[in-house]
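In: sequence first, then the predicted structure:
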Amino acid sequence: MVFSDSSVLLKGKYMSFEPKILGIACNWCTYTGADLAGTTRLQYPQNLRVVRVMCSSRINPSFIFRAFQLGADGVLVGGCHPGDCHYNTGNLYARRRLAVTKKILEFSGMEPGRFRVEWISASEGNKFAEVVTEFTEQIKNLGPQTKFKIVQ
Amino acid sequence: MATSFKQIEENLKNEARKLLEDGKVSLVLAYGRGYDEKHPVPFVAKIAADVESIVFNEYCTANMARYLVRYPRGTKMAVAVKPADSRAVVQLIQEDKVKREDVILLGIPVIGMKNSKTGEVIDSKTTCGLYNPVLYDVLLGEEIHGQPVVSPYDVLAQYEAMDKDARFAFWQKEFDKCIRCYACRKACPMCYCDPCFIDQNKPKWGEKSPQSHGNLMYHLTRFHHLAGRCIDCGECSRACPVDIPLYLFHKKVARECEEMFGQAAGKSIQDKPVLVNFRVDDSDKILE
């Protein structure tokens, strides 16, 4: 009999619950920031799976809904600080769009804490590690995400 | 005192006849008789003789702005608009789907429209609660004043008070009813994408047959696509054969957009839709 990884983890209840977190990082700031966190050998949880996009405004809100459906326990979006966007205005559009995404998730009944947007610049390796640690902790407290997850 | 529906119908016929005879427009979008009084259908008058078939009564709820985007750009059109419909036209002009000079708005101030399915009077609960069109070229009745001003968002209070699990259960129950007929999409004046994201196969955003996860994906994304654009006519919910209260979610998103960005959809043709616009001083608090 084959267990999916989440069912194995669920056996030990929440004690051994290791959340799957989707990180969507902007190429110019957050991804480089993550790189910096790596090269400076900062420790942060391994629960984050990072996907690199060219800009935070590249993120289609459906990516986030879809991630939750495919079993993500949390989604972390990282972009440049407003005003520092490589494409000048990308993250300013993204800010409005993702704010709406957050409200929609909230009104549909999803825990608001499962979705987070952070502005992390290329020089903020420390902040990246801190945010990931904090967010992972938060998702661990919330437990597995079951509301949107597709059950076969 | 509001003009009677009969009088509006007369005015609408006269105005449509005049426009078609003068050749100012090539078609007039209005309402025609369905299989009975209670079920008027959308109707397009193309020659002056068609005008005789135009009707207007309290059951003419359909949003005729829906049909503006179906004709090639540059077609001169006249459209009968109720208050919410006029906002839809304004929104379409903002999005550059129709040009202001191509469309003549025959504004209809209304009160006491009825839902033909339930017979209930449509008020601020399911629609935007305006009585007079925000933009018109010809007004087909007297403007309505002195009616109580009710916020269209009042109806949300009981849903916002629910805790998140109850809310999720509520929406799951509603979305599970969905049979994916796409009537909401077809009735909506702002849903003009071709192809719609849900019809795409690459990437395949969600299941196309009625299954609960595909329904969730379709509806949530549709709410997102209409964020800051929904003009709250409530036509999606009236078109729905299984009575999903889609208007509630649309109202919620519209209210959040209004609070966060300080602009309601379809109020002025000078505005830009909120999600294709930004301000450098938007607060980061909106993300919390």
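Out: Thanks, I have the structure now. Numbers count the residues shown, from 1 in each chain, chains lettered A, B, ... in the order given.
In: low-scoring stretches of chain B, by residue?
Out: For chain B, applying pLDDT under 70 flags the ranges B:1.
In: report the closest residue of it relative to chain A.
Out: residue B:168 (2.5 Å; C-beta to the nearest C-beta). Every residue, glycine included, has its C-beta placed from N, CA and C.
In: do a quick rundown of the helices in chain A.
Out: A:5-11, A:30-39, A:61-69, A:90-107, A:125-142 (DSSP state H).
In: confidence-wise, which of those helices is weakest overall?
Out: Among those, helix A:5-11 carries the lowest mean pLDDT, at a mean of 52.
In: with distance to residue B:248 added, can I get the helices of chain A in TSV?
Out: Formatted as TSV, the helices of chain A follow (distance: least, C-beta to C-beta, whole Å):
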stretch	distance to residue B:248
helix A:5-11	33
helix A:30-39	35
helix A:61-69	19
helix A:90-107	9
helix A:125-142	26
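In: including mean neighbour count and distance to chain B, could the ones you listed go into a markdown table?
Out: Below are the helices of chain A laid out as a markdown table (neighbours: other C-beta atoms under 10 Å in any protein chain shown; distance: least, C-beta to the nearest C-beta, whole Å):
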| stretch | mean neighbour count | distance to chain B |
| --- | --- | --- |
| helix A:5-11 | 12 | 16 |
| helix A:30-39 | 20 | 15 |
| helix A:61-69 | 22 | 5 |
| helix A:90-107 | 23 | 4 |
| helix A:125-142 | 19 | 11 |
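In: what's the closest of those to residue A:48?
Out: Among these, the nearest to residue A:48 by C-beta to C-beta is helix A:125-142 (5.3 Å).
In: which helices and strands does that closest one pack with?
Out: Judged by 3 or more C-beta pairs under 8 Å, 6 or more residues apart in numbering or on different chains; DSSP states H and E, the packing partners of helix A:125-142 are strand A:21-26, helix A:30-39, strand A:74-79, strand A:115-119.
In: please repeat the previous calculation with a cut-off of 10 Å.
Out: strand A:21-26, helix A:30-39, strand A:48-53, strand A:74-79, strand A:115-119 (3 or more C-beta pairs under 10 Å, 6 or more residues apart in numbering or on different chains; DSSP states H and E).
In: is the first one positioned near chain B?
Out: No: using C-beta under 10 Å from any C-beta of the partner chain as the criterion, no contacts between strand A:21-26 and chain B are found, and the smallest distance is 14.2 Å.
In: so in that sheet, which strands flank that strand, and in what orientation?
Out: strand A:48-53 (parallel), strand A:74-79 (parallel) (DSSP bridges).
In: just give the nearest non-adjacent residue to residue A:84, would you?
Out: Once flanking residues are discounted, residue A:84 sits nearest to residue A:121: 6.3 Å by C-beta to C-beta, 6 or more residues apart in numbering or on different chains.
In: run through who's touching stretch B:112-119.
Out: B:2, B:5, B:34, B:36-40, B:57-61, B:82-84, B:120-123, B:126-127, B:234, B:237-241, B:243 (C-beta atoms under 10 Å, 6 or more residues apart in numbering or on different chains).
In: just the buried subset of those, please.
Out: Those of those that meet the buried threshold are B:2, B:5, B:40, B:57-61, B:82-84, B:122-123, B:126-127, B:234, B:237-240, by 16 or more other C-beta atoms under 10 Å in any protein chain shown.
In: ok, and of the residues you listed, which contact chain A?
Out: Counting by C-beta under 10 Å from any C-beta, no member of the buried ones among the contacts of stretch B:112-119 reaches chain A.
In: any idea how far residue B:226 is from residue A:39?
Out: 44 Å (C-beta to C-beta, to the nearest Å).
In: strands of chain B, residue ranges please.
Out: Under the criterion DSSP state E, chain B contains strands at B:27-32, B:41-45, B:77-81, B:103-107, B:138-139.
In: partners of the last one, with directions?
Out: Meaning strand B:138-139. In the sheet, strand B:138-139 lines up against strand B:103-107 (parallel) (DSSP bridges).
In: can you tell me the centre-most residue of the chain?
Out: No chain in the question, so chain A it is. In chain A, the centroid-proximal residue (C-alpha atoms, centre = their mean) is residue A:76; its distance is 1.8 Å.
In: my question was about chain B, not that one.
Out: For chain B, by C-alpha atoms, centre = their mean, the most central residue is residue B:233; offset 3.8 Å.
In: what's the distance between that one and residue B:4?
Out: From residue B:233 across to residue B:4, the span is 23 Å (C-beta to C-beta).
In: same check on residue B:12?
Out: Going from residue B:12 to residue B:4 by C-beta to C-beta gives 13 Å.
In: rewinding a little: need the contact list for the residue of chain B closest to chain A.
Out: Counting by C-beta under 10 Å, 6+ apart, residue B:168 touches A:107-111, A:147-148, B:162.
In: list just the nearest of the residues you listed to residue B:174.
Out: Proximity of the contacts of residue B:168 to residue B:174 (C-beta to C-beta) peaks at residue A:108, which lies at 10.5 Å.
In: ok, that closest one - how many residues close by?
Out: Residues near residue A:108, counting by other C-beta atoms under 10 Å in any protein chain shown, number 23.
In: was I right about it contacting residue A:148?
Out: Yes: counting by C-beta atoms under 10 Å, residue A:148 is a contact partner of residue A:108 at 8.5 Å.
In: excluding its backbone neighbours, what's nearest residue 30?
Out: Picked chain A for this. Using C-beta to C-beta, 6+ apart, the closest residue to residue A:30 is residue A:78 (3.0 Å).
In: wait, I meant chain B there
Out: Nearest in space to residue B:30, with sequence neighbours left out and distances taken as C-beta to C-beta, 6+ apart, is residue B:80 at 4.4 Å.
In: for residue A:115, same thing?
Out: Closest to residue A:115 by C-beta to C-beta, 6+ apart is residue A:75, at 5.1 Å.
In: show me the contacts for whatever residue of chain A ends up closest to chain B.
Out: Using C-beta to the nearest C-beta, the single residue of chain A nearest to chain B is residue A:109, 2.5 Å away. By C-beta under 10 Å, 6+ apart, residue A:109 lies in contact with A:147-148, B:162-172.
In: weed out the non-buried ones from these.
Out: By 16+ other C-beta under 10 Å, the contacts of residue A:109 give A:147-148, B:164, B:167-168, B:170-172 as buried.
In: among those, which lie within helices?
Out: B:164, B:167-168, B:170-172.
In: for residue B:253, find the nearest of the helices of chain A.
Out: helix A:90-107 (6.4 Å).
In: state the pLDDT value of residue A:1.
Out: pLDDT, read off for residue A:1, is 42.
In: before we move on, back to that, for the residue nearest to residue B:30, give me its contacts.
Out: By C-beta under 10 Å, 6+ apart, residue B:80 lies in contact with B:8, B:12, B:15-16, B:28-31, B:42-43, B:54, B:56, B:60, B:64-65, B:105-108, B:138, B:140.
In: and what of residue A:23?
Out: Counting by C-beta under 10 Å, 6+ apart, residue A:23 touches A:30-31, A:34, A:47-52, A:72, A:74-78, A:116, A:118, A:128, A:131-132, A:135.
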